[in-house]
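Colleague: no sequence on this one, just coordinates:
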């Protein structure tokens, strides 16, 4: 019998369907309880088992949110993603995986099929906030988060969303307020994380007038550092006016702690 303060078991979701929405993005719909679906987002810590592991050794979650790993080899990796959609009534969570690279999550998603298992070890906020003017910038890894921010924005919101992908084939339909311009940036044959497109596009923007402004940025870590410096320096944004986070680092599969 569990006691107050004991670690809790993680939520384990089952793959219901898999679909390729673009050549490099695979959408996985996960099924679970209504409570698990409601808790899995917007930013969710996924427990990714080895490919074809039918019985993963899942960790537990301590009262303070720490992951308590089992003793010995377990083959489960912790990675942070944004749920593109949550539907507690249907018990569904939709996650988009970018397939470039050979990290644990990309490898798992490339092999995912209905019936496969994925664990959830907690969730967090996106770091966004409402504002009259939004400036959003991200690569393909940030599209689920940007899609949620745009969908939640008030109809009168103005601004710009800068979206870097390999080419036109990687563009996805996004719903946005009429006053928000969606600008797709195509890096062509340049490998992910090596392009300066996103930083250059932000550098070419003029600062919107007024202080009811919020900028949200997520992409490769070095790119995000360059954009953050521009927003803080040239635009003079305060910490309350922007959120910039490296979603991944070139040459390294990143865990939630970065």
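Modeller: All right, it came through fine. What you see is a predicted model, and the numbers here were worked out from it, not measured in a lab.

Colleague: wait, isn't residue 155 in contact with residue 178?
Modeller: Yes. In this structure, residue 155 is within contact of residue 178 by CB atoms under 8 Å, at 7.5 Å. Using the backbone N, CA and C atoms, a C-beta is placed for each residue, glycine as well.

Colleague: wasn't residue 169 part of a strand?
Modeller: No. Remark: residue 169 does not belong to a strand; assigned using DSSP: H, G, I helix; E, B strand; the rest coil, it is helix.

Colleague: please shift the residue numbers so they start at 35 in all later answers.
Modeller: Happy to do that; since the first residue is 35 now, the last one works out to residue 203.

Colleague: distance of the residue nearest to it when sequence neighbours are not counted from residue 199?
Modeller: Spatial nearest neighbour of residue 203, excluding adjacent residues (CB to CB, 6 or more residues apart in numbering): residue 57 at 5.7 Å. Going from residue 57 to residue 199 by CB to CB, to the nearest Å gives 10 Å.

Colleague: how about residue 45?
Modeller: The spacing between residue 45 and residue 199, counted by CB to CB, is 31 Å.

Colleague: what do you get for residue 277?
Modeller: To residue 199, residue 277 is 21 Å away according to CB to CB.

Colleague: tell me which of the two has more neighbours.
Modeller: residue 199 (23 against 17; other CB atoms under 10 Å).

Colleague: residues touching the nearest residue to that one once chain neighbours are set aside, list them.
Modeller: Of all residues beyond its chain neighbours, the one nearest residue 199 is residue 174 (5.1 Å), with distances taken as CB to CB, 6+ apart. Going by CB atoms under 8 Å, 6 or more residues apart in numbering, residue 174 touches 56, 58-59, 132, 198-200, 204, 226.

Colleague: redo that, cut-off 7 Å
Modeller: Shown in contact with residue 174 (CB atoms under 7 Å, 6 or more residues apart in numbering): 58-59, 132, 199, 204.

Colleague: cool, residue 72 as well?
Modeller: With contacts defined as CB under 7 Å, 6+ apart, residue 72 is in contact with 120, 122.

Colleague: after the helix or strand hosting it, next one along is what?
Modeller: Residue 72 is located in helix 68-73, with elements delineated by DSSP states H and E. Per DSSP H and E, the first helix or strand lying C-terminal to helix 68-73 is strand 77-82.
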